[in-house]
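Peer 1: A predicted structure for the sequence below; I have some questions about it.
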Amino acid sequence: MKPIVSEGQPGGLFQSASVISTAIMASRLTGFGREMVLSWLFGAGAVFDAYVLAFRIPNLARELFAEGALASAFIPTFTRCLTTQGKEEARTLAGISASMIFLITGAFTALGIVFAPLFVNLFAPGFHDVPGKFELAVLLMRIMFPFLVFLALAAQAQGTLFASHRFGIAAVSPALFNIVSVLSGLALGYWFGAATGLSAVRGMAIGVVIGGAAQLGVQLPSVWRAGFGWRPKWNLRANLRNDGVRHILWLMGPAMIGNASGQINVLVTTNFAAGLRDAAGNVMNGPVSWLAYAYRFFALPLGIFGVAIASAALPSISRSAAQNNFAEFRDTLSRSVSMILLLTIPSAVGLAVFGERMIGLVYQHGRFHASDTHETALALTCYAVGLAGYAVLKLIAPAFYTLGDSRTPMMVSIASIVVNGLTAFTMIRFTGLGHAGLALAASAVSTFSAVTLLILIRPRIGGINGRALAVSALKITAAAAVMGVVCRIAGAYFPSKVGGLLMGIPAGIASFWMAATALRIAELREATRLVVSKLGLRA
């Protein structure tokens, strides 16, 4: 199996992915630190439920506009412009894009602050049943909404650096967000709360905005050194005459509709979770928090493997598409999907087997109790079912945009709303799984979307090596099953949280590697070659 190389870059796709995955690992670990502080301060109850919802609305707007539609449209367009028209035209495109992002997200932030009560009432009407919960969510949302502007501009800066093959600072910048938001939040609302007059939760909310500014600020020097410093361009009529801007907007329209469906799915899940009731018929405090904590663990392998490989592959397949080199496009895409499956399927098994131990070790302190650990672990197991689908989706949807096709992902995303709504309703109404059923519904949606898009892209690029992908997926699943059995046995022999993890994780990794080697999984050789090269050893 030949290594995948990124055109014009000696390091290759997976070398680039390893840089990104290392940075994302730092981001995810600092994210865990942030979540540990939040769980220690607020546990899983009314205050953290309100905080999660207040953060989620502007954050979903960021994912929809900045890291969703804009990133999917900007990176392919910027890469094409840089490749075919030169750096000066790309510099102009970057300046216009940043200016328009500032204006659009600034206007949306103002609307979000004004209409915060409407948002909370729409997406969490059950909060009214708990005294003070609705009002707290509104206050926190108004405080945190401005971070949308900073993170939208940070996403555009990240796209510029990725397209320029400058991965390190851009990929590690979210780690700075986590560190700065926690430290500034603790300083304002906890350590010096008496002096500032701020509660802990209000301090943490303000810290989110400060962290967003830090994530943008740390990338700007690299953007300037790359030759794409922001030159504000406020002439809307002139901006809209730029061919690159028109192409971005043309891609963004359907992309926003498509990405909006994903955000709608999240909000539908939040709406169901916020209204879950106990046996006595009272609205529960906790389901929104349990799902949020579980997703943090779930996002670790998703970011390290899925997002990293997708981020490294996108500039390469964009160049292949721009040059009409579909053989290279097909090869890069299929090998990237194979590598994602190799890394995410065993990760999903590990999350399911060791989830409760890991959650207890990380979160079970302060106001986060053993019952919260158990409920969060149930949600994590159900999220893990869809890990491979989530990760493949991070790659396959942007691949359509590089082909100039934003309509297909849009239609599949719209269909996913129906699948999510029906599945979530069924889980709540008929299975009794509660919040865990909502996580399982999310997994079903991601798997449906990924498989559908893989099927639909085949005729566009002359195939995706589907037979080889299917064989690899079956072999990887078999090896992961062996790993799961070994992890269960190790966990039974070492019942403590720390002991079970210290013995079970290495045993699981070793058993998966041996099983994958015995099954002759080709992607394992590429992954091993990469690890060996990174360690400076001979293969």
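Peer 2: Received, thanks.
Peer 1: mind listing the helices for the stretch 401-539 of the chain?
Peer 2: Assigned by DSSP state H, counting those that start in this stretch, the stretch 401-539 of the chain shows helices spanning 407-426, 435-461, 466-493, 497-518, 522-534.
Peer 1: helices and strands around the second one, which ones?
Peer 2: Meaning helix 435-461. helix 243-274, helix 287-301, helix 326-363, helix 370-384, helix 387-402, helix 407-426 (3 or more CB pairs under 8 Å, 6 or more residues apart in numbering; DSSP states H and E). (C-beta placed from N, C-alpha, C; glycine too.)
Peer 1: repeat for the third one
Peer 2: Applying 3+ CB pairs under 8 Å, 6+ apart, one finds that helix 466-493 contacts helix 326-363, helix 497-518, helix 522-534.
Peer 1: now those as JSON lines including mean neighbour count, distance to residue 317 and mean pLDDT?
Peer 2: Formatted as JSON lines, these follow (neighbours: other CB atoms under 10 Å; distance: least, CB to CB, whole Å; pLDDT from 0 to 100):
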{"stretch": "helix 326-363", "mean neighbour count": "23", "distance to residue 317": "5", "mean pLDDT": "91"}
{"stretch": "helix 497-518", "mean neighbour count": "17", "distance to residue 317": "26", "mean pLDDT": "91"}
{"stretch": "helix 522-534", "mean neighbour count": "16", "distance to residue 317": "17", "mean pLDDT": "65"}
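Peer 1: a markdown table for the ones you listed, including distance to residue 119?
Peer 2: Shown next, in a markdown table, are the helices and strands packed on helix 466-493 (distance: least, CB to CB, whole Å):
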| stretch | distance to residue 119 |
| --- | --- |
| helix 326-363 | 27 |
| helix 497-518 | 38 |
| helix 522-534 | 43 |
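Peer 1: Figure out which of those helices is closest to residue 225.
Peer 2: helix 522-534 (25.4 Å; CB to CB).
Peer 1: so who does the closest residue to residue 136 other than its chain neighbours touch?
Peer 2: Spatial nearest neighbour of residue 136, excluding adjacent residues (CB to CB, 6 or more residues apart in numbering): residue 50 at 4.3 Å. By CB atoms under 8 Å, 6 or more residues apart in numbering, the contact set of residue 50 is 127, 133, 136, 137, 140, 201.
Peer 1: so which strand or helix has residue 50?
Peer 2: Residue 50 is part of helix 46-61, with elements assigned from DSSP states H and E.
Peer 1: ok so, going back, I'd like the helices and strands packed on helix 435-461 laid out as TSV, including distance to residue 148.
Peer 2: Shown next, in TSV, are those (distance: least, CB to CB, whole Å):
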stretch	distance to residue 148
helix 243-274	13
helix 287-301	19
helix 326-363	27
helix 370-384	25
helix 387-402	21
helix 407-426	21
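Peer 1: rank the ones you listed by pLDDT, which is bottom?
Peer 2: With a mean of 77, helix 243-274 has the lowest mean pLDDT of these.
Peer 1: quick one: that one to chain centroid distance?
Peer 2: 14 Å (CA atoms, centre = their mean, to the nearest Å).
Peer 1: next one: stretch 125-144
Peer 2: 26 Å.
Peer 1: Okay, now that stretch: how far is its last residue from its first?
Peer 2: 20 Å (CA to CA, to the nearest Å).
Peer 1: ok, and for it, which residues are buried?
Peer 2: Buried residues in stretch 125-144, counted by 16 or more other CB atoms under 10 Å: 126-127, 130, 133-134, 136-144.
Peer 1: could you give the mean pLDDT of that stretch?
Peer 2: 93.
Peer 1: can you list contacts of that stretch?
Peer 2: 46-47, 49-51, 53-55, 57-58, 112-113, 116-117, 119-121, 124, 201-202, 205-206, 208-209, 271, 274-276, 282-283, 285.
Peer 1: Can you tell me which of these are classed as buried?
Peer 2: Going by neighbour count (16+ other CB under 10 Å), these have 46-47, 49-51, 53-55, 57-58, 112, 116, 119-120, 124, 201-202, 205-206, 208-209, 271, 274-276, 283, 285 buried.
Peer 1: re earlier: quick one, which of the helices and strands packed on helix 466-493 gets closest to residue 261.
Peer 2: helix 326-363 (22.0 Å).
Peer 1: Just want the angle from the closest one to helix 370-384.
Peer 2: In terms of direction (axes from the mean of the first three to the mean of the last three CA atoms, to 10 degrees), helix 326-363 departs from helix 370-384 by 170 degrees.
Peer 1: so how far is helix 326-363 from its chain's centroid?
Peer 2: Per CA atoms, centre = their mean, the centroid offset for helix 326-363 relative to its chain is 13 Å.
Peer 1: go on, stretch 302-319?
Peer 2: Worked out by CA atoms, centre = their mean, stretch 302-319 lies 12 Å from the chain centre.
Peer 1: Phi, psi for residue 277 please.
Peer 2: phi -120, psi 150 (degrees, to the nearest 10).
Peer 1: Now do it, the pLDDT please.
Peer 2: For residue 277, the predicted pLDDT is 85.
Peer 1: Any idea what it is bridged to?
Peer 2: Following DSSP bridges, residue 277 is listed with bridge partners residue 283.
Peer 1: That one contacts residue 286, doesn't it?
Peer 2: No: look at residue 277 against residue 286 with CB atoms under 8 Å: they stay out of range, at 11.8 Å.
Peer 1: Who has more neighbours out of these two?
Peer 2: Higher neighbour count among residue 277 and residue 286: residue 286, with 22 against 13, using other CB atoms under 10 Å.
Peer 1: What are the neighbouring residues in contact with the more buried one?
Peer 2: 44, 45, 49, 372, 375.
Peer 1: Looking at the residues you listed, which is nearest residue 323?
Peer 2: residue 49 (50.1 Å).
Peer 1: What residue, apart from its backbone neighbours, is nearest the closest one spatially?
Peer 2: residue 288 (4.4 Å).
Peer 1: count of residues packed around residue 477?
Peer 2: 15.
Peer 1: and residue 173, which of the helices of the stretch 401-539 of the chain is closest to it?
Peer 2: helix 522-534 (22.1 Å).
Peer 1: Can you verify my assumption that residue 285 contacts residue 46?
Peer 2: Yes: proximity of residue 285 to residue 46 meets the contact threshold set by CB under 8 Å, at 4.7 Å.
Peer 1: picking up where we left off before, ok, which of the helices and strands packed on helix 435-461 comes nearest residue 26?
Peer 2: helix 287-301 (11.5 Å).
Peer 1: and the closest one, what does it pack onto?
Peer 2: Right, helix 287-301 is packed against helix 13-42, helix 46-61, helix 243-274, helix 326-363, helix 370-384, helix 387-402, helix 435-461 by 3+ CB pairs under 8 Å, 6+ apart.
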